[in-house]
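Engineer: need the 3D shape of this:
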Amino acid sequence: MENLKEVIESNSRQEREARATYASVAAVAPRPQFPAHAAVHSVVITSENEMETGEQIMERVRGVVKAKEDGFQIDRVRKGKDRKIILGCRNRAEMDRVKERLGKEDHSLRVEDIKNKDPLIVLRDLLAYNENEDVLRGLRTQNRALFEGVSGEDDRMEVKYRKKTRNPLTSHVVIKVSPVLWSRLTGAGVVHVDLQRIRVLDQSPLIQCSRCLGYGHGKRFCRDTVDVCSHCGGPHLGAECADRATGKPPSCRNCLSAKMDRADHNAFSSDCPVRRRWENLARSAVQYC
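Structural biologist: Alright, predicted model coming up:
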């Protein structure tokens with residue numbers, strides 16, 4: 001109990017500077033913690049002809065859409081697995097125009113919408129004894145002003161996972177929420193859960209492997225068998241890095257592989273240009289508003 005008391009008092013001191021109140025949040029539009037990321041509205045295109053390759057389907061799509069001739073604004077197109085073509089537009093109306101063109105001009109192409117993902121938030125330094133159901137119940141009952149007027153499909157939350165902290169009595173709780181709740185909760189900046197007033201922040205959807213330092217998968221699904229140092233890129237853990245111990249500057253493995261001009265940062269750094277590129281890609285599949 002003494003340890004819990006110290007944790008609560010420590011968290012309270014950290015949050016005294018946060019002056020956002022529920023009344024102010026309800027009175028003004030919430031401010032996101034970073035520039036808004038516009039979601040890309042995407043479709044997956046396949047062919048009824050199973051003999052066609054992905055390259056052939058891509059050429060057919062180009063021939064049907066005729067973007068240069070008819071002024072379509074395509075933001076992203078790539079080949080996926082199993083002969084699938086992923087095509088995306090920033091504007092929903094533009095995406096609808098493209099779908100209409102594909103449906104009219106080539107009936108052998110199958111077009112399906114890709115639903116954008118819900119955004120994530122993270123509750124920082126929450127006392128670990130709180131079960132997932134308790135966390136969600138506390139958010140609703142102890143922060144009613146933030147949920148006022150939210151109903152139907154907009155009223156959805158799901159605890160996805162927890163991240164360890166240096167303090168074994170606390171954890172960071174990552175929750176998937178609707179775009180409306182993401183805007184309100186990140187705009188508030190703080191919430192009450194049980195006996196705490198804690199910070200609530202946007203959580204990146206990007207997954208980075210702690211073993212190979214690559215993106216798009218976690219350590220559990222990594223095909224590599226050797227841990228790579230985030231400081232120097234060598235075959236060892238960061239805690240065992242001799243360069244780090246002697247104060248040598250970091251060298252980002254991902255930037256070296258991508259032949260970037262500079263690699264003088266840790267592979268987990270938010271300033272890494274390779275990471276920023278993957279971050280933008282991950283956020284483009286998330287619906288923030």
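Engineer: so which residues of the stretch 151-289 of the chain form strands?
Structural biologist: 157-164, 170-177, 190-193, 196-203 (DSSP state E, counting those that start in this stretch).
Engineer: what of the stretch 1-150 of the chain?
Structural biologist: 41-47, 76-79, 85-89, 109-114, 120-127.
Engineer: mind checking the pLDDT average for the second one?
Structural biologist: So the one you mean is strand 76-79. Taken as a whole, strand 76-79 has a mean pLDDT of 88.
Engineer: could you verify my assumption that residue 241 touches residue 228?
Structural biologist: No. The pair residue 241 / residue 228 is not scored as a contact, 10.6 Å apart, by CB atoms under 8 Å. For the C-beta atoms, the positions are set from N, CA and C on the backbone; glycine is no exception.
Engineer: higher neighbour count, the two?
Structural biologist: Between residue 241 and residue 228, counted using other CB atoms under 10 Å, the more crowded position is residue 228 (22 against 18).
Engineer: tell me the contacts of the nearest residue to the more buried one once chain neighbours are set aside?
Structural biologist: Nearest residue to residue 228, sequence neighbours excluded (CB to CB, 6 or more residues apart in numbering): residue 213, at 5.3 Å. Applying CB atoms under 8 Å, 6 or more residues apart in numbering, one finds that residue 213 lies in contact with 228, 230, 233, 253-254, 267-268.
Engineer: could you find the closest non-adjacent residue to residue 143?
Structural biologist: Nearest to residue 143 is residue 191, by CB to CB, 6+ apart, at 4.9 Å.
Engineer: now do residue 87
Structural biologist: That would be residue 77: by CB to CB, 6+ apart, it lies 4.8 Å from residue 87.
Engineer: could you list every residue that touches that neighbour?
Structural biologist: 58, 61, 85-88.
Engineer: again, only this time at 7 Å
Structural biologist: For residue 77, the contacting residues are 85-87, by CB atoms under 7 Å, 6 or more residues apart in numbering.
Engineer: got it, and residue 87?
Structural biologist: 42-43, 45, 61, 74, 77, 98.
Engineer: give me the distance between it and residue 203.
Structural biologist: From residue 87 over to residue 203 the distance is 28 Å, taken as CB to CB, to the nearest Å.
Engineer: next one: residue 79
Structural biologist: From residue 79 to residue 203 the distance is 30 Å (CB to CB).
Engineer: still on that earlier bit, now tabulate the contacts of residue 213 in a markdown table and tack on distance to residue 148 and pLDDT.
Structural biologist: Written out in a markdown table, the entries for the contacts of residue 213 read as follows (distance: CB to CB, whole Å; pLDDT from 0 to 100):
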| residue | distance to residue 148 | pLDDT |
| --- | --- | --- |
| 228 | 48 | 96 |
| 230 | 43 | 96 |
| 233 | 50 | 95 |
| 253 | 48 | 95 |
| 254 | 44 | 96 |
| 267 | 43 | 96 |
| 268 | 38 | 96 |
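Engineer: ok, and the most crowded of the residues you listed?
Structural biologist: residue 267 (27 neighbours).
Engineer: who's in contact with that residue?
Structural biologist: Contacts of residue 267 (CB under 7 Å, 6+ apart): 213, 230, 252-254.
Engineer: using a markdown table, lay out these together with distance to residue 137.
Structural biologist: Output for those, formatted as a markdown table (distance: CB to CB, whole Å):
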| residue | distance to residue 137 |
| --- | --- |
| 213 | 38 |
| 230 | 37 |
| 252 | 42 |
| 253 | 43 |
| 254 | 41 |
